[in-house]
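>>> no sequence on this one, just coordinates:
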């Protein structure tokens, strides 16, 4: 009998991320700061009414389908490992007013 889990867990746990995504459905604001994320969870791209997204201080290398978040006004991507081509999808965000890279 020992610890059978070989995968290290997120500092805050996946449940916290899921709860934040659920709350964002009501508030249209999502902060996933300092969750050691290597990619943006797919559930985020279904939040088409999202207006503010803070994904700073993670380990992201690309922004995935960020262009789907057409209502996004504020995006914070500070302190990640984004590739130079990774920011191209941001050009699809016509309502974006504040961007921090």
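Done, it's in. The shown structure was predicted, so the numbers you read here are calculated from the model rather than taken from an experiment.
>>> what's the average pLDDT for stretch 74-89?
When pLDDT is averaged along stretch 74-89, the result is 91.
>>> Report the buried residues of that stretch.
The neighbour-count check on stretch 74-89 (16 or more other CB atoms under 10 Å) flags 74, 75, 76, 77, 79, 80, 86, 87, 89 as buried. The C-beta positions use only the backbone N, C-alpha and C, and glycine is treated the same way.
>>> Kindly report the same for stretch 21-33.
Residues 21, 24, 28, 30, 32 are the ones in stretch 21-33 that count as buried (16+ other CB under 10 Å).
>>> Which of those fall in strands?
Among the buried residues of stretch 21-33, the members found in strands (DSSP state E) are residue 30.
>>> Go through the buried residues of stretch 21-33 and say which is closest to residue 46.
residue 21 (8.8 Å; CB to CB).
>>> so the closest one touches residue 41, yeah?
Yes: with contact defined as CB atoms under 8 Å, residue 21 reaches residue 41; the gap is 6.9 Å.
>>> Once you drop chain neighbours, what's closest to residue 43?
Closest residue to residue 43 in three dimensions, ignoring its sequence neighbours and counting by CB to CB, 6 or more residues apart in numbering: residue 21, at 5.0 Å.
>>> can you pull the contacts of that neighbour?
Counting by CB atoms under 8 Å, 6 or more residues apart in numbering, residue 21 touches 30, 41, 43, 44, 47.
>>> Thought residue 69 was touching the last one, still the case?
Right, the one you point to is residue 47. Yes: look at residue 47 against residue 69 with CB under 8 Å: they come within range, at 6.9 Å.
>>> okay, those two: which has more neighbours?
Neighbour comparison, residue 47 and residue 69: the larger count goes to residue 69, with 26 against 19 (by other CB atoms under 10 Å).
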